[in-house]
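Peer 1: Have a look; sequence and predicted model below, questions after that.
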Amino acid sequence: MECMRDSFQDGAILGGRYQAIKLLNKGSFGLVYLAKNIVNEELVAVKCLVKAGTPAAASYGLCVDEFNEELRFHTKLGSHPHIVDLLDSLETENHTFLVLEFCPNGDLYEAISQDRGPLETEHVRDFMLQLVDAVEYMHSRGVYHRDLKPENIFLTKDGNIKIGDFGLATTEEWTEESAVGSDRYMAPEQYDAIGGYEPRKADLWAIGICLLNILFARNPFTVPNETDPLFADYILDRESLFDIFPTMSYDTFEVLVHCLALDPHKRSLDDIRTAIERVVSWTTDDESLDEFCTEEREVGPVAPNREPLRTPSLQIPANNGSAFPWAQALQMTPVHRQLSNIPDEEEPTVRYSEDMFKDRPHAYRQEMGYFTHHPASYDSGLGSSYASFPSAKDFQLRMDDKYKTPAAPVKIEKPAVDAFTPTSTSKSWSDWVLEDEEEEEEERLRMEREKASNRRSWADFSDPGYEDDGYDAEWVGGGWDDLTV
Ligand SMILES: Nc1ncnc2c1ncn2[C@@H]1O[C@H](COP(=O)(O)OP(=O)(O)OP(=O)(O)O)[C@@H](O)[C@H]1O
């Protein structure tokens, strides 16, 4: 790594044209610098890789051939509005450099982690449609990415997306290369690759995982095989996704059906696009907002095919001319993050699915400027999805907290923890929450009734016409005696 730094570090001039400004990021296969084209002042991203056959190459394994491959794919792809453009390429004795168009809003991973990913219904739709367009174009050129994930989806100044990092791409229609990509985004057949798979279809699976990342900032599966219990559930029942993402709307599920089909032949980009276009609400939070607005604004019965009222942009300024105002509002602190389900450590909740950011070391994430708003939010401290099942102890703690009620004249029975044993398979998390809420509501009503009866008896007591029927003496305890002394 140091060797690379030597070649192109702060202030260095590359090929007489590009001046290094700063290190942007360290990828798995190389360093990426921000640089300036000294001829036209244009900012560029320079991806720096060691060359095959050099001493430094030995420590880099895959990246040795990656450069040539990546260059080849960029050349094959040409230019597209939603694919990172290769502007130039250079070689030095030990290194090769890809000069890429610079995407100043970073990548989608950073955007989600900093609460500046697409939030509003239409933004998510535009975003997803751009992604589908880019993938369709790539595939039409015979290039299959195999590593689509938020880290490889870049954001331009005006908030458009650009797919980048073609280091693991392939032009093969059918491949037997197994486990090339990133576990959490790999299609099951790509992960196991027994007998080979179609990379084209694997990309469609990754689109579905990216959508879930955008909506919930979580990954559904750690690995796409049965060693992950959530994936095992998914094999048995696709609707188990609702247990993982309880606020997911059915519209979203309809999109996912076409991305996350276990049979690769049932995945279709056209169907994904159609389903995205049909979405009215991505989450049930959106649905309630839609209903709220409908009640407020609509007069008379709701037309069956009404044009859905979009979620009001509570946190997003009116369209400022960009297709994606969310991407420009970098300083924006959302008033109401509708689409996020990022758990908050201070208010522990049970998490089934996997925090997208768990693998990044805390220090690294801080260094990268994450944790802008809620440092604790992104570090679940929980391991894989498997480890993220709530333990009975977690539940006990949670229940203790929940029932830490102020002094009241009635003893509140703590619900038996056994009833909430998370290993019980007959109940989903949403059932537990529902039962929790019902019990809480019952308790509240009971207390209100008690209070009302207290008030009545006190009022009655001070009324000279009050007749003691002995009722109040029972519940007031010593109070009645005191009063009568
Ligand atoms: N064109 C670009 N504009 C802005 N930032 C970029 C650009 N290209 C890369 N980066 C930054 O550098 C990081 C690494 O880039 P890239 O993904 O291409 O490298 P990599 O070595 O293949 O990494 P990995 O495989 O780990 O994602 C990106 O996540 C991003 O933060």
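Peer 2: Looks like it arrived, so ask away.
Peer 1: Near residue 88, how many residues? Count them for me, please.
Peer 2: A total of 15 residues lie near residue 88 under the criterion other C-beta atoms under 10 Å. C-beta: built from backbone N, CA, C; applies to glycine.
Peer 1: List the residues that contact it.
Peer 2: Residues in contact with residue 88 (C-beta atoms under 8 Å, 6 or more residues apart in numbering) are 15, 17-18, 44, 99.
Peer 1: What parts of the chain come near the ligand?
Peer 2: The chain comes close to the ligand at residues 24-25, 27-30, 32, 45, 47, 84, 100-103, 106-107, 151-152, 154, 164-165, 167, as judged by C-beta under 6 Å from any ligand atom.
Peer 1: Could you chop the chain up by domain?
Peer 2: 12-101, 106-278 (the TED database).
Peer 1: follow-up on the earlier one: among the residues of the chain next to the ligand, which ones are in strands?
Peer 2: 24-25, 32, 45, 47, 100-101, 154 (DSSP state E).
Peer 1: What lies in contact with stretch 249-269?
Peer 2: Against stretch 249-269 from outside (C-beta under 8 Å, 6+ apart): 128, 132, 135-136, 139, 187-189, 197-198, 201-202, 204-205, 207-209, 211-212, 215, 234-235, 238-239, 241-242, 271-272, 275-276, 278-284, 286-287.
Peer 1: Go again with 7 Å.
Peer 2: Defining contact as C-beta atoms under 7 Å, 6 or more residues apart in numbering, one finds that stretch 249-269 is touched by 132, 135-136, 187-189, 197-198, 201, 204-205, 207-208, 211, 215, 235, 238, 241, 271-272, 275-276, 278-284, 286-287.
Peer 1: Make CSV out of the ones in strands among the residues of the chain next to the ligand and add neighbour count and pLDDT.
Peer 2: Compiled in CSV, those are given as follows (neighbours: other C-beta atoms under 10 Å; pLDDT from 0 to 100):
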residue, neighbour count, pLDDT
24, 17, 89
25, 16, 83
32, 21, 90
45, 21, 95
47, 26, 91
100, 23, 96
101, 18, 96
154, 27, 96
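Peer 1: In the chain, what residue comes closest to the ligand?
Peer 2: residue 27 (2.0 Å; C-beta to the nearest ligand atom).
Peer 1: Let me see the contact set for that residue.
Peer 2: Taking C-beta under 7 Å, 6+ apart, one finds nothing in contact with residue 27.
Peer 1: The same query, at a cut-off of 10 Å, please.
Peer 2: For residue 27, the contacting residues are 47-49, 63, 151-152, 165, 167, by C-beta atoms under 10 Å, 6 or more residues apart in numbering.
Peer 1: Looking at neighbours, which among the residues you listed is most surrounded?
Peer 2: Going by other C-beta under 10 Å, residue 49 tops the contacts of residue 27 with 28 neighbours.
Peer 1: that's a strand at residue 117, yeah?
Peer 2: No - the assignment for residue 117 (DSSP: H, G, I helix; E, B strand; the rest coil) gives coil, which keeps it out of a strand.
Peer 1: Spatially nearest residue to it, not counting backbone neighbours?
Peer 2: residue 111 (4.5 Å; C-beta to C-beta, 6 or more residues apart in numbering).
Peer 1: That neighbour against residue 150, yeah?
Peer 2: Yes - if you go by C-beta atoms under 10 Å, residue 111 and residue 150 touch, sitting 7.8 Å apart.
Peer 1: Need the overlap of contacts for the two.
Peer 2: Taking C-beta under 10 Å, 6+ apart as the criterion, residue 111 and residue 150 both touch 117, 214.
Peer 1: burial of residue 449, as a residue count?
Peer 2: 11.
Peer 1: For it, which three-state class applies?
Peer 2: Assignment for residue 449 (three-state DSSP): helix.
Peer 1: for residue 89, same thing?
Peer 2: Once three-state DSSP is applied, residue 89 turns out strand.
Peer 1: show me the contacts for it.
Peer 2: Taking C-beta under 10 Å, 6+ apart as the test, what residue 89 contacts is 15, 46-47, 67-68, 70-71, 74-75, 96-100.
Peer 1: As JSON lines, those with distance to residue 122 would be great.
Peer 2: Shown next, in JSON lines, are those (distance: C-beta to C-beta, whole Å):
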{"residue": "15", "distance to residue 122": "43"}
{"residue": "46", "distance to residue 122": "35"}
{"residue": "47", "distance to residue 122": "33"}
{"residue": "67", "distance to residue 122": "39"}
{"residue": "68", "distance to residue 122": "41"}
{"residue": "70", "distance to residue 122": "34"}
{"residue": "71", "distance to residue 122": "37"}
{"residue": "74", "distance to residue 122": "31"}
{"residue": "75", "distance to residue 122": "35"}
{"residue": "96", "distance to residue 122": "41"}
{"residue": "97", "distance to residue 122": "39"}
{"residue": "98", "distance to residue 122": "34"}
{"residue": "99", "distance to residue 122": "34"}
{"residue": "100", "distance to residue 122": "29"}
